[in-house]
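Trainee: okay, sequence plus prediction incoming.
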Amino acid sequence: MDRRLPLWLVLFFPLVFVSFLAFPASQKPHIVGVFEGIKREIAVSDGQLVGRFAPYYQCVFDRVEADVRFIEMPLAQMLHQLNKGGIAIGLPLVQTADRDEYADFGGLLFQTEYVYLLLDDLPPLASLKGVRYAFVRRFVADQLLQGENPQVTHVSGWGQAVEMLKRRRVDVVVLPWVMIDLYMADYPEPHYERTAAWVDLSMYISHAVSDGRLTEDLRQAIRECRFISEKT
């Protein structure tokens, strides 16, 4: 029996194989990086966003025809992956000039307050020298430092920063106000809070996103969801 395959069959198999490989790539979801370590505010559970901030972002994704997959990751890793195109979207994030170089800010979705947390009622921080600050690595608190010659310790998580404050290894922790009671509720000694800034929270969309409409669709959804939240 002739065991040679007909020419049409020899040509057909490679085409099918190439099509098989290409198909899953076209169906890959957009990866959304979610700031790890602030579970009460935002986290991922069973593939869905949960926490205080979740309704804002779910409102946005409900209005966009895009397949997304949420993955928690540290802030520094999220920004690195946004820059390299390893993820399509990162949240929750505020706008900074360096982030604008590799991703598009979605526009104001909602606002939150960042504060200075202290154990001592210090004089105005701007009048002091060598104030020791602690905050999460790549957090925007670098823009909120006050005083002459501030000393900065970067940490991987908010709990670590607050623990350093309690041990008096630093003077000030910069963090979102909504997280203070999470870390200070059981602390028996006095503590003080001072407003550092009110910031616009939203998301960043990587310049490497291949879906040309995704960025504008997300921005439009953010505008709609902001309008809804302002009316409620």
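Mentor: Structure received.
Trainee: element containing the residue nearest the centre of the chain?
Mentor: Residue closest to the average C-alpha location in the chain (CA atoms, centre = their mean): residue 91, at 3.1 Å. Using DSSP states H and E, residue 91 sits in strand 89-93.
Trainee: now that strand: how far from the chain's centre is it?
Mentor: Going by CA atoms, centre = their mean, to the nearest Å, the spacing between the C-alpha centre of strand 89-93 and its chain's C-alpha centre is 3 Å.
Trainee: mind listing the strands for the protein?
Mentor: Along the chain, the segments classed as strands by DSSP state E run 30-35, 43-45, 48-50, 68-73, 89-93, 103-105, 110-118, 132-136, 151-155, 172-176, 192-206.
Trainee: can you put those in a markdown table and add mean pLDDT and distance to residue 57?
Mentor: (Each C-beta comes from the backbone N, C-alpha and C, glycine too.) Below are the strands of the chain laid out as a markdown table (pLDDT from 0 to 100; distance: least, CB to CB, whole Å):
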| stretch | mean pLDDT | distance to residue 57 |
| --- | --- | --- |
| strand 30-35 | 96 | 9 |
| strand 43-45 | 96 | 11 |
| strand 48-50 | 97 | 6 |
| strand 68-73 | 96 | 9 |
| strand 89-93 | 96 | 6 |
| strand 103-105 | 96 | 15 |
| strand 110-118 | 95 | 10 |
| strand 132-136 | 96 | 20 |
| strand 151-155 | 96 | 25 |
| strand 172-176 | 95 | 16 |
| strand 192-206 | 96 | 7 |
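Trainee: circling back: which residues touch the residue nearest to the centre of the chain?
Mentor: By CB atoms under 8 Å, 6 or more residues apart in numbering, the contact set of residue 91 is 32, 33, 34, 35, 42, 57, 202, 203, 204.
Trainee: hmm, residue 72 and the first one touching each other?
Mentor: No - with contact defined as CB atoms under 8 Å, residue 32 does not count as touching residue 72 (10.0 Å).
Trainee: circling back: could you dump the strands of the chain to TSV with distance to residue 217?
Mentor: Listed next are the strands of the chain as TSV, based on distance: least, CB to CB, whole Å:
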stretch	distance to residue 217
strand 30-35	11
strand 43-45	22
strand 48-50	18
strand 68-73	12
strand 89-93	12
strand 103-105	12
strand 110-118	19
strand 132-136	30
strand 151-155	35
strand 172-176	28
strand 192-206	10
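Trainee: mind giving me the domain split of this structure?
Mentor: 29-109+201-231, 112-199 (automatic domain parsing).
Trainee: tell me which stretches of this protein form helices.
Mentor: Secondary structure of the chain (DSSP state H): helices located at 7-26, 54-61, 75-84, 97-100, 158-166, 180-184, 214-231.
Trainee: quick one: distance of the fourth one to the chain centre.
Mentor: Centroid separation for helix 97-100 versus its chain: 14 Å, with CA atoms, centre = their mean.
Trainee: how about stretch 127-136?
Mentor: In terms of CA atoms, centre = their mean, the centre of stretch 127-136 is found 24 Å from the chain centre.
Trainee: may I have the distance across it, first residue to last?
Mentor: This stretch, stretch 127-136, spans 24 Å end to end (CA to CA, to the nearest Å).
Trainee: now do the buried residues in that stretch.
Mentor: 128, 131, 132, 133, 134, 135, 136 (16 or more other CB atoms under 10 Å).
Trainee: what of stretch 57-73?
Mentor: So, applying 16+ other CB under 10 Å, buried residues of stretch 57-73: 57, 59, 60, 61, 64, 66, 70, 72, 73.
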